[in-house]
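# 3D model of this:
(one chain, ligands or ions: 1)
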Amino acid sequence: MKKYIIKFLYILSDDRKYLFFLALAFILTSSMDAISIGIIGPFVSLAINPNKITQNTGLNWAYQYFNLSLNQFLAYLGLLIIIIFCLKSVISFFTQFYIFRLSYRQKGKLANRLLKAYLRAPYTFHLTKNSAQIINHIVSETHIFSNGIMLAMLNLASNCIIIIILTILLCITNLVTIIAVVVSVCPVLILLYFFKHRIKNWGEKATKANQAMVEIINHSLGGIKETKIIGCEPYFEQQLVKQSTIFANVSSSLQTFSITPRIVIEMFLIVVLIGFISLYLAFNQNIQNQNVQDITSVISIFALASVRLKPAIVIAVKSMTSLRNGTYILDKLYLDLKEIENIEIADNYKYLSQENIEKLSKNDSNSVNKMMLFTDQIVLDSLNYRYPNAVQDALKDISIAISKGESIAFIGKSGTGKTTLVDVILGLLQPYKGDIQVDNNSIYSNLRNWQNLVGYIPQSIFLINETLEKNVAFGVPEDLINRQKLHQAIKAAQLEEVVENLPLGLKTIVGERGILLSGGQRQRVGIARALYHEREILVLDEATAALDNETESLITEAIRSLSGQKTMIIIAHRLTTVKHCNCIYLMEKGRIIQSGSYEEVVTAKHKFI
Ligand SMILES: Nc1ncnc2c1ncn2[C@@H]1O[C@H](COP(=O)(O)OP(=O)(O)OP(=O)(O)O)[C@@H](O)[C@H]1O
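Purely as a prediction, here's the structure:
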């Protein structure tokens, strides 16, 4: 339990401070709740026999002090109970409101914290992670944390206070009831103890099945073209049925278990109540007025137990089940948060030279937001990179200089390190040896500023299901889009004709992942996007897919028209696009083995594509 609370508090982070106020509110409302219900039994007993007022020292003193008739005194006592009840109800309403708000806000905060950490985690972290898992953490697990763990913990705390106070009251007033309560609760606690591992297992299985379902849906719909052509719909359907059956089985077991306490407690309470009355009647043949009062008092206390104590016990036990069920999620969230919040620093620096680590840490501490200037050249100085857990370097001693306004291209067979080199240039991967300098300043002295200079146009552009203009001016609110810049970018990216042919022009929604556009058009949207955002340096990973001659020449034209204005770094998969480049670098096994003009390198008869 101690470990559970430590993890819970870690995840709760800043909101821990609210728990103190919540605890105070709990103590207040639960005490009022318990007292207001606890005094109903004695009040009923006094109503049946008002003379008992004079037998109680406190009540007798009040009765004498106010100088009222017994019935009037009883009426005022009733009024007092009503006031306590109303006050308790108002406070209880607001406390519950506060609990719900805190819990559900926690979901939003936690999702935010996770997304922030995932987005800031180094690129290498994402190379090894499954996106379905990440989505599941952010969407479902945060919900289970707020609903199944946090709410359960708060409910458990508030109901435990009620149980303790009511039990004390019952102990004072009636021993039979307390025996009934103990007899009813013990089997439930024993059940909970023996099932604790199974409940945790159910929680784990439900989470995994849920995650697998997201993954299956993701895979089948994400590759819908392949799914349809290969005809593997039944495979995905069967996989989904398998996981949903697991989910249904464990969830139904869990739900059944969670209603068991109510059934068991109800059964035992009734058994003890009827048993007590039957035994009482069997052993007391001559029922006197006093006996009737005893039985009435026991019944009213039983009523109290079933009105407030039973629900409190049921909610407390249900919360305990929910907490146990959430153990797997709590562990996962705790480990994940710890991992990603710490990895950010550790992994970023893992493969970096000591010199660059110092530059980065200096930058982290004074995070200056000044612009990085690029007026002369970019120098890649002896870059060496190795992927985590790889046995050999993906890049070996890469040294080149790129002057401002130059276009250069990397060519080479598949797997020779072109993408890796571009990822290093983009600052996504950090070399364990070497440096990248812009006008003699290391990019590691402020990676963010360096990235602000660079526009990246990947093979497959990420397009959102929005209008074409929003996709070009990506991340800019619609009313702030600069029309002039937008039209210039569209023109330079050779997209004017495409826009003219779209039904709503720039206002046409391009569909999920730009499904309404062709591959070549999408890549030109990517070029327009980089141009709109006025990036000095454009890094273009040319599409590997075969493009028709016209599209290819449009892309080539778009790239060519930018030469001289922008510094371009191109990963080329076909030679036509790089004809105009100032320098071409041929790569093999992570090294640059040849460089020179198009004629020098291409006519050297290397078969690299
Ligand atoms: N995430 C990774 N983890 C480990 N090794 C990797 C990873 N990504 C790439 N590699 C390895 O690094 C080497 C260079 O890969 P890279 O993707 O840079 O080649 P490429 O020239 O861009 O290939 P292509 O033209 O097919 O895209 C390859 O041997 C590849 O197997």
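
# how about the residues of the stretch 101-250 of the chain by the ligand?
L127 (Cβ under 6 Å from any ligand atom). To be clear about C-beta, it is placed using only N, CA and C from the backbone, and glycine gets the same treatment.

# now the strands for the stretch 101-250 of the chain?
Here the stretch 101-250 of the chain has no strands by DSSP state E, counting those that start in this stretch.

# let me know the pLDDT of D423.
Per-residue pLDDT puts D423 at 91.

# for this protein, which spans come out with low pLDDT?
The chain contains residues with pLDDT under 70 at 37-38, 41, 172-177, 225, 285-306, 343-371, 512-514, 543-559, 562-564, 603-609.

# what about the strands in it?
Counting by DSSP state E, the chain has strands at residues 377-385, 395-403, 407-412, 433-438, 441-442, 454-457, 537-541, 567-571, 583-588, 591-596.

# neighbouring strands - and their directions - for the first one?
What it means is strand 377-385. Strand pairing for strand 377-385, using DSSP bridges, gives strand 395-403 (antiparallel), strand 433-438 (antiparallel).

# any idea which of those strands is most buried?
Highest mean neighbour count of the strands paired with strand 377-385: strand 433-438, a mean of 20 (counted as mean count of other Cβ atoms under 10 Å).

# distance of E233 from the ligand?
E233 sits 30 Å away from the ligand, taking Cβ to the nearest ligand atom, to the nearest Å as the criterion.

# likewise for L59?
For L59 relative to the ligand (Cβ to the nearest ligand atom), the value is 79 Å.

# who in the chain is up against the ligand?
Residues of the chain lying close to the ligand by Cβ under 6 Å from any ligand atom are 127, 387, 390, 394, 412, 414-420.

# save the strands paired with strand 377-385 as CSV, and put in distance to I527 too.
Listed next are the strands paired with strand 377-385 as CSV, based on distance: least, Cβ to Cβ, whole Å:
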stretch, distance to I527
strand 395-403, 19
strand 433-438, 22
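
# so which of those strands comes closest to V510?
For the strands paired with strand 377-385, distance to V510 was read as Cβ to Cβ. The smallest value, 32.8 Å, belongs to strand 395-403.

# how far away from the center of its chain is the closest one?
Mean-position distance between strand 395-403 and its chain equals 40 Å (Cα atoms, centre = their mean, to the nearest Å).

# how about S131, nearest residue that isn't a chain neighbour?
Nearest residue to S131 in three dimensions, chain neighbours excluded: N218, at 7.4 Å (Cβ to Cβ, 6 or more residues apart in numbering).

# same question for V472.
A528 (4.8 Å).

# what's the one you found in contact with, if anything?
Taking Cβ atoms under 8 Å, 6 or more residues apart in numbering, we find A528 in contact with 472, 489-490, 492-493, 495.

# which ones are touching the residue nearest in space to the middle of the chain?
The chain has I138 as the residue nearest its centroid, 1.8 Å off, counting by Cα atoms, centre = their mean. Residues near I138 by Cβ under 8 Å, 6+ apart: 111, 114-115, 118.

# buried ones among the residues you listed?
Buried members of these, scored by 16 or more other Cβ atoms under 10 Å, are 111, 114, 118.

# closest to S445 among those residues?
Within the buried ones among the contacts of I138, the smallest distance to S445 is 25.6 Å, found for Y118 (Cβ to Cβ).

# list the contacts of that closest one.
When contacts are counted by Cβ under 8 Å, 6+ apart, Y118 is found next to 126, 134, 138, 340.

# one more time with 6 Å
Neighbour list for Y118: I134 [criterion: Cβ atoms under 6 Å, 6 or more residues apart in numbering].

# now do I571
I571 makes contact with 410, 418, 422, 541-542, according to Cβ under 6 Å, 6+ apart.

# let me see the ranges of the helices in the stretch 151-300 of the chain.
Secondary structure of the stretch 151-300 of the chain (DSSP state H, counting those that start in this stretch): helices located at 151-173, 175-194, 196-222, 224-230, 233-283, 289-304.

# out of these, which is the most enclosed?
Among the helices of the stretch 151-300 of the chain, the stretch with the highest mean neighbour count (mean count of other Cβ under 10 Å) is helix 151-173, at a mean of 20.

# quick one: list the elements packing against that one.
Counting contacts by 3 or more Cβ pairs under 6 Å, 6 or more residues apart in numbering; DSSP states H and E, helix 151-173 packs against helix 16-38, helix 175-194, helix 310-325.

# count the neighbours of the residue nearest to K566 when sequence neighbours are not counted for me.
The spatially closest residue to K566, leaving aside those adjacent along the chain, is L538, at 5.1 Å (Cβ to Cβ, 6+ apart). A count of nearby residues for L538, using other Cβ atoms under 10 Å, gives 22.

# my guess is L538 contacts G455, does it?
Yes: contact criterion Cβ atoms under 6 Å: L538 and G455 qualify, at 4.8 Å.

# what touches both of these two?
In terms of Cβ under 6 Å, 6+ apart, L538 and G455 are both contacted by the residues A530.

# distance check, the closest residue to R324 other than its chain neighbours against the ligand.
Nearest residue to R324, sequence neighbours excluded (Cβ to Cβ, 6+ apart): I199, at 4.4 Å. When distance is defined by Cβ to the nearest ligand atom, I199 is 39 Å away from the ligand.

# hmm, I199 is touching L323, no?
No: using Cβ under 6 Å, I199 is not in contact with L323, being 9.2 Å away.

# ok so, going back, buried subset of the residues of the chain next to the ligand as a ChimeraX selection?
Only the buried entries of the residues of the chain next to the ligand go into this ChimeraX selection, using 16+ other Cβ under 10 Å:
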select :387,394,412,416,417,418,419,420
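
# how about the residues of the chain next to the ligand, which pair is most distant?
L127 and G412 (21.2 Å).

# so which of the contacts of A528 belong to helices?
Members of the contacts of A528 lying in helices (criterion: DSSP state H): 472, 489-490, 492.

# any quick ChimeraX command for the buried ones out of those?
A single ChimeraX command selects the buried members of these (16+ other Cβ under 10 Å):
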select :472,489,490,492
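
# ok, back up a step: and the contacts of I571, which is closest to the ligand?
If you rank those by distance to the ligand using Cβ to the nearest ligand atom, K418 comes first, at 3.7 Å.

# which ones are touching the closest one?
By Cβ under 6 Å, 6+ apart, the contact set of K418 is 410, 412, 571, 587.

# check A152 too.
Listed by Cβ under 6 Å, 6+ apart, the contact partners of A152 are 319, 322-323.

# then N201?
Contact partners of N201, counting by Cβ under 6 Å, 6+ apart, are absent.

# not counting sequence-adjacent ones, nearest residue to F85?
S36 (5.0 Å).

# that neighbour against I82, yeah?
No: the pair S36 / I82 is not scored as a contact, 9.3 Å apart, by Cβ under 6 Å.

# settle it for me: which of these two has more neighbours?
Applying other Cβ under 10 Å to S36 and I82 shows that S36 carries more neighbours, namely 20 against 11.

# what about the more buried one, distance to the ligand?
Between S36 and the ligand the computed distance is 64 Å (Cβ to the nearest ligand atom).

# thought G203 was touching Y328?
Yes: at 4.8 Å, G203 and Y328 qualify as touching, with contact defined as Cβ under 6 Å.

# ok, how many other residues are close to the residue nearest to A117 when sequence neighbours are not counted?
Distances taken as Cβ to Cβ, 6+ apart put I340 closest to A117, at 4.2 Å, once the chain neighbours are dropped. Residues within reach of I340, counting by other Cβ under 10 Å, total 23.

# okay but I340 is in contact with A121, surely?
Yes: between I340 and A121 there is a contact under Cβ under 6 Å: 5.0 Å.
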